[in-house]
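Colleague: show me how the following folds:
(2 chains)
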Amino acid sequence: METSKTPAAGPNLVAGEQRVWRAGRLDPMPIRTLPEAPPSIHLLGPTVFLVALGVGMGESYMWPRLVLVFGPEIRWLFLIGVTLQAVVMLEMARYAMATGESIFTGAARVFKPIMWFFFVVAILVYIWPGHLSAGAAAFEEITGIPWVVTACVALVLVGILFSLARVIYNLLENVLAILIGLLVVGTAVIASMVGNWSDLASTIGGMFSFGYFPSGAMTDQWFPIVVGAIAFAGPSGMQQMWYTLHLRDSGAGMGAHIPKLRGLRHAGEEEEMPNRGFMFDTDNPDEMRKWRGWRRWVTFDALLLFWGITMLVTISFTVLAQSAARSNPDVKTLIEGGDRDAALSAMSDAFAQAGGPVLGGLFFGFIALIGLNATLGLFDSFSRGQADMTYFFVKGAKRFKMAHLYAGFLWGVITFGILILLFGPADGPESVLDILAFLSTFAMGSYCVVLLLVNNKMLPKPIRPKWWSNAVIGFGAVFYLGMLFYSLFRFGVVVG
Amino acid sequence: MDRVVTAGPREWAEVGLPGFAVGFLAGTVAGLMALIVGQPVGWAMVAALAFALPLGALGAVYSMLLAAGKVRMGGFAPACLFWLVGFPLARLVQEVLTRLVLTGTPGFPPDALGFLAYQGIISAGFAIGFLWTHERLAPRWWHRMSGHNPAAARVYDRYASHARVMWEAREARNRRREASKSR
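Modeller: A predicted model of the protein is given here:
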């Protein structure tokens, strides 16, 4: 096996009988065959995870709120945010599909401390169970069951579910696909009953009002919220990085050569994890044909499923918010005021007035569904990411199976979550909330830089990104980091 | 093709069941929620059925068109076109029926053209969700029916041939992995 310590990427070499691709300071990647891509009509892919994670409070609450305050024209910023995230998704997929490695391993190939930075940020930001509160509170509105009870029961159920599964990816993809199908179909049904033509026309038209930025948005009260809403349009924080792990487990591209992650009960069936990913022969025209097939497949996923569904849910919720504000002026005041629970409750009441209690209850049902999707996705993704980094980069961790490490992180975060729900602040201590918000957005700027380095230095030339793609990702890095620091220095506030 | 010719109405009804289920379920979500929040059963039934039945019937038609090879497997554009017509139609039926039940006389919603245009745009979202769920459920159902239902067997064969290609590729990969381990 080739064990070169050359920092940058090198050509395919012959070491003994094995051809390898050298990238960075980690083990070189043996050359293997790239599997055939599924046809681009293949509908379901790992994007289901990104949609589950990405469609959250940003889509159902933050953007409808901005539209009520500044008008539908503010939505052009959402278009920019989600489109940027779609390109990020395509570039994350480039590395994961070409190597079968996660972006964390890619970062370690460039410079190991970058990967450890993400390891620490994940723990600091995602260990708090605050994301459960909105969904569980909505469930309380429907059933009367106290939200802390729902949240604790949900945590334990998620742990049991993922521990019993034979192959976690398959189970979760099936569950999330059905839940998201329900969410999308149901959101469309509600919007069709509550909204009207003029709300929809103004919401969609507002997406093309490029350059609109009212003076009210440049205040210390609203600027951080607007920046936060753009950063949280679609997947935020480290969610895009975790997507590379799901791509690998779905068997996309060279991920087909990596064994799947199993639940704790079936840990014994886990095949041996290779120490590194694989590369295909980029000089072979047939392999490049298959590669282009994989790129078409993931582009279809990114554009139609990710971009399309995220847009659809936000447009629907914006139409709903406009409709609620029209029928009950209190809603506008409450939404503008920023009390999320009161605003959601008022929106539900407004729908109940417009279309009977059915619609009011249905609205809360969908908020609860969004919360459930996000919780399932987040717990799996966090544990998957931490287990991946621990297994490959912590000395002695390979004595365990990946399934054991995954279960350790999963039950660790569940236990901590229950303790915090019962005895502490769910979002994290008040004094560190700003730091957590800062780290989350800083991670997004940082992964754009990592993507540029990994895809342009660690991959063979024929499969590196095009200039325009690099330009968009570069813009993303400047945008996330620039807005974050501008907000910090100009207004003394991190993103809202 | 012979199998399709020999399939009778009962077989076609079985083939259409997944589409009916997804459409019907989407339409009844509203009714189910009404029960949860304590509405009278009768009221909830009317609200649900007036929308769920037309949506379910159209969903069944979609499944049958797919089984007959008239709609591309998993294709978004055909589903989108289908619901562009079907979804506004189902909503119109619901509006007319609801007016009939509440007032005793049927009637169109005010600004019927604007209403239909709005529903047409919303239908794109419904089409994504419908297709997403349908592709998840239908092949499994057709597989279960394929033993006695030629139309289900035919459409399942098309899905299975795609899956077979994927399975063979996976087997080949496993063989290569085993071979590289033994070296």
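Colleague: from A:Ile367, how far off is the residue nearest to A:Val167 when sequence neighbours are not counted?
Modeller: Excluding the flanking residues, the one nearest A:Val167 by CB to CB, 6 or more residues apart in numbering or on different chains is A:Lys260, at 5.0 Å. Backbone N, C-alpha and C define where each C-beta goes, glycine included. When CB to CB, to the nearest Å is the yardstick, A:Lys260 and A:Ile367 sit 33 Å from each other.
Colleague: between the two, tell me which one has more neighbours.
Modeller: When A:Lys260 and A:Ile367 are compared for neighbours, A:Ile367 comes out ahead with 24 against 19, by other CB atoms under 10 Å in any protein chain shown.
Colleague: surely the more buried one touches A:Gly135?
Modeller: Yes: with the criterion set as CB atoms under 8 Å, A:Ile367 and A:Gly135 qualify as a contacting pair; they are 6.4 Å apart.
Colleague: quick one: low-confidence parts of chain B?
Modeller: Applying pLDDT under 70 to chain B flags residues B:1-6, B:30-44, B:47, B:102, B:162-183.
Colleague: what's the burial count for residue 97?
Modeller: I'll assume chain A. A total of 25 residues lie near A:Met97 under the criterion other CB under 10 Å.
Colleague: try again with chain B
Modeller: Residue crowding around B:Leu97 was assessed by other CB under 10 Å; the count is 17.
Colleague: test my guess that it contacts B:Ala52.
Modeller: No: B:Leu97 is beyond contact range of B:Ala52, at 11.4 Å (criterion: CB under 8 Å).
Colleague: next SSE downstream of the host helix or strand of A:Leu376?
Modeller: Secondary structure assigned from DSSP states H and E places A:Leu376 in helix A:357-393. Helices and strands here follow DSSP H and E; after helix A:357-393, the next one along the chain is helix A:402-423.
Colleague: tell me the angle that next one makes with helix A:357-393.
Modeller: Between the direction of helix A:402-423 and that of helix A:357-393, the angle (axes from the mean of the first three to the mean of the last three CA atoms, to 10 degrees) works out to 130 degrees.
Colleague: skip the chain neighbours and tell me the closest residue to A:Val156.
Modeller: Leaving aside its sequence neighbours, A:Val156 sits nearest to A:Ile414 (CB to CB, 6+ apart; 6.9 Å).
Colleague: now stretch B:61-69: buried residues?
Modeller: By neighbour count, with 16 or more other CB atoms under 10 Å in any protein chain shown as the criterion, the buried positions of stretch B:61-69 are B:61-64, B:66-67.
Colleague: what segments of the stretch 251-400 of chain A are helices?
Modeller: Taking DSSP state H, counting those that start in this stretch, the helices of the stretch 251-400 of chain A run over residues A:285-300, A:308-327, A:329-337, A:340-355, A:357-393.
Colleague: which helix or strand in chain A has the lowest average pLDDT?
Modeller: Of all the helices and strands that make up chain A, the one with the lowest confidence by mean pLDDT, DSSP states H and E is strand A:12-15; it has a mean of 52.
Colleague: ok, the helix or strand following that strand near chain B or not?
Modeller: On the C-terminal side of strand A:12-15, the nearest following helix or strand under DSSP H and E is strand A:18-21. No: when contact is scored as CB under 8 Å from any CB of the partner chain, no part of strand A:18-21 falls within range of chain B; the minimum is 8.7 Å.
Colleague: picking up where we left off before, was I right to think the residue nearest to A:Val156 contacts A:Gly159?
Modeller: Yes: the pair A:Ile414 and A:Gly159 passes the contact test of CB under 8 Å, sitting 4.7 Å apart.
Colleague: joint contacts of the two?
Modeller: A:Phe379 (CB atoms under 8 Å, 6 or more residues apart in numbering or on different chains).
Colleague: ok, back up a step: which residues are common contacts for B:Leu97 and B:Ala52?
Modeller: For the pair B:Leu97 and B:Ala52, no residue contacts each of them under the criterion CB under 8 Å, 6+ apart.
Colleague: what helix or strand does the residue nearest to the spatial centre of chain B sit in?
Modeller: When chain B is reduced to its mean C-alpha position, the nearest residue by CA atoms, centre = their mean turns out to be B:Gly19, at 2.7 Å. When elements are defined using DSSP H and E, B:Gly19 is found to belong to helix B:9-36.
Colleague: any idea how far that helix is from the chain center?
Modeller: Here the centre of helix B:9-36 is set off from its chain's centre by 8 Å, with CA atoms, centre = their mean, to the nearest Å.
Colleague: packing partners for that helix?
Modeller: With contacts defined as 3 or more CB pairs under 8 Å, 6 or more residues apart in numbering or on different chains; DSSP states H and E, helix B:9-36 has these neighbours: helix A:168-194, helix A:357-393, helix B:41-67, helix B:112-145, helix B:150-182.
Colleague: got the angle for that helix vs helix B:112-145?
Modeller: Using the same axes, to 10 degrees: helix B:9-36 against helix B:112-145 is 120 degrees.
Colleague: next, the angle helix A:168-194 makes with helix B:9-36.
Modeller: Regarding helix B:9-36 and helix A:168-194, their directions subtend 70 degrees when assessed with the same axes, to 10 degrees.
Colleague: any low-confidence regions in the stretch 151-300 of chain A?
Modeller: Counting by pLDDT under 70, the ranges of the stretch 151-300 of chain A that qualify are A:169, A:263-264, A:267-272.
Colleague: again, 80 this time
Modeller: Low-confidence segments of the stretch 151-300 of chain A, defined by pLDDT under 80, are located at A:164-180, A:182-183, A:186-187, A:190-191, A:193-196, A:232, A:234, A:259-275, A:300.
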